[in-house]
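Q: Quick one, fold the following:
(one chain, ligands or ions: 1)
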Amino acid sequence: MFRFGEDKPKEECGVFGIYAPDQEVARLTYYGLYALQHRGQESAGIATSDGRGIMLHKGMGLVSEVFSDSIVEGLKGKMAIGHVRYSTTGSSLLANAQPLVVHYQKGMMALAHNGNLTNALELREELGKNGAVFQTTIDSEVIINLITRYRRDSLEDALVKTMMDLRGAYALVILAEDKLFGIRDPHGVRPLCIGLMGDHYCLASESCALDTVGAVFVRDVEPGEIIVIDEDGLHSRQGLTKTAHTACAFEYIYFARPDSTMDQLNVSESRRQMGIELARECPIEADLVIAVPDSGTASALGYATALGIPFGEGLIKNRYVGRTFIQPTQAMREVGVRLKLNANTSVLKDKRVVMIDDSIVRGTTSSKLVEMVKNAGAKEVHFLISSPPVAYPCYYGIDTAEREKLIANQLDIEGIRKFVGADSLHYISEEGLLRALGTSDVCLACFNGVYPIPLSSLNQSKNNFELRNSCG
Ligand code: SF4
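A: You can find the predicted model right below:
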């Protein structure tokens, strides 16, 4: 079954956490999740704690579909964590929704995870041999199992030992023992930041969620750091030594909201710089620059400004089409693209057009967009992409599809140009992308196949379903 938006990498998950005894923590978490909705639309959940017991509500669908006012009202506590999740199709989807809650020797614990472990299968097998029983197919359950395995240690020591066992990408928020914890893997692949609302601390995948709840940005959680928030305020402990910081480059290219700032880089500004780099690498004599909205917009503006070419709204987005809209037949797929985006004929007619998008994954949507723009009267369509070709799958929490379905893995640039039907095609170079980001502390594995965190043989040999379905 084809799902609308299948031609893009899928968002992973979003997490939020807050410690605020005199506030409605569930409601604030609800608003935080609303701001992170772009990171996952298939399930949402909130767990609250009064320090003794944990209350949980989670369900399939958007935040607005999962929570009614009375449900939010009923979730009491002095601290909360929340999660929005993207997953591929599969069984037991509700069981895989987060936060996960467990009872263990020391009480109750709730955990929400963004990312993907590369050694989850080995850890699951090892835990299974020691009698662990799993109720979900997600690697977050492996993490919570490991933490409880170290129950003789203090919770903080148990978290450090768990981090020593884990390999891969993880940004975690955890409620346990009257405390809220935030943890980021030693490579800092997935984002996590700290905010302050009055004198209450909160944690979020992206700073846009802090803005939404009225918190000010304090700082990013450092790679390998454990943040502890309790009645004494905020404490930090370096759980594992920070290795080379390799934040996901795709967060800046496509996933994150443009108004977010992650690891000192504003997403919108990064995208504008990508457009400027594209202008440097591939200046085209054109009458008009257009974007594939929304993630291509800032790059298109950067390109247009750098070359002094007018920017126009050549493609108009229907904001009321959900990303998970399902179209079962080929004919309906065609309608699906037109439902989401429509060409603005009065802007495009008789123009030589530069069209900027963030990425090409399978190429199917791109070819329809080029055709749409040409049918609207454009004389030429030059297609510029603000990411390098996506030729390798992601094992760190992004669903990029299997390798053989990635068009850049099957065709060279000229082959892709012919496939999408553009007059010319240019991808930003890796060097150009790094210049735009102003750092080389990023993961580029889906572009160059250099995986900064080792992959296990099990991960590579198994069907990607488990990996894709284990996000969060
Ligand atoms: S492989 Fe690509 S999508 Fe995955 S973390 Fe690295 S840059 Fe991000």
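
Q: Can you name the residue of the stretch 151-300 of the chain nearest the ligand?
A: Nearest residue of the stretch 151-300 of the chain to the ligand (C-beta to the nearest ligand atom) works out as residue 248 at 3.2 Å. Where you see a C-beta, it was placed from the backbone N, CA and C, and this is true even at glycine.

Q: so that residue bridges to which residues?
A: Assessed by DSSP bridges, residue 248 has beta-bridge partners residue 443.

Q: Give me the neighbour count for it.
A: 27 (other C-beta atoms under 10 Å).

Q: Distance check, it against residue 262.
A: 9 Å (C-beta to C-beta, to the nearest Å).

Q: Likewise for residue 68?
A: If you measure residue 68 against residue 262 using C-beta to C-beta, the figure is 32 Å.

Q: So those two - more neighbours on which side?
A: Under the criterion of other C-beta under 10 Å, the comparison of residue 68 against residue 262 puts residue 262 first, with 23 against 11.

Q: Next, the contact list for residue 231, please.
A: Counting by C-beta atoms under 8 Å, 6 or more residues apart in numbering, residue 231 makes contact with 21, 178.

Q: Next: residue 449.
A: Residue 449 sits next to 391, 392 when contact means C-beta under 8 Å, 6+ apart.

Q: Apply 10 Å and report the result again.
A: By C-beta atoms under 10 Å, 6 or more residues apart in numbering, residue 449 lies in contact with 391, 392, 393, 403, 409.

Q: Redo the residues you listed as a markdown table? Include secondary structure.
A: As requested, those are exported to a markdown table (DSSP: H, G, I helix; E, B strand; the rest coil):
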| residue | secondary structure |
| --- | --- |
| 391 | coil |
| 392 | coil |
| 393 | coil |
| 403 | helix |
| 409 | helix |
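
Q: Neighbour-wise, give me the winner out of the residues you listed.
A: residue 393 (23 neighbours).

Q: That one against residue 403, yeah?
A: Yes. Counting by C-beta atoms under 10 Å, residue 393 touches residue 403, with 5.2 Å between them.

Q: list the residues that contact both of residue 248 and residue 262?
A: Overlap of the contact sets of residue 248 and residue 262 (by C-beta under 10 Å, 6+ apart) consists of 188, 190, 191, 256.

Q: residue contacts, residue 71?
A: Taking C-beta under 10 Å, 6+ apart as the test, what residue 71 contacts is 26, 30, 46, 57, 59.

Q: how does it look with 8 Å?
A: residue 57.

Q: Break the protein into its domains for me.
A: Here the domain assignment for the chain is 13-246, 268-438, based on automatic domain parsing.

Q: Adding distance to residue 451 and mean pLDDT, write those out as TSV.
A: As requested, these are exported to TSV (distance: least, C-beta to C-beta, whole Å; pLDDT from 0 to 100):
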stretch	distance to residue 451	mean pLDDT
domain 13-246	8	93
domain 268-438	7	91
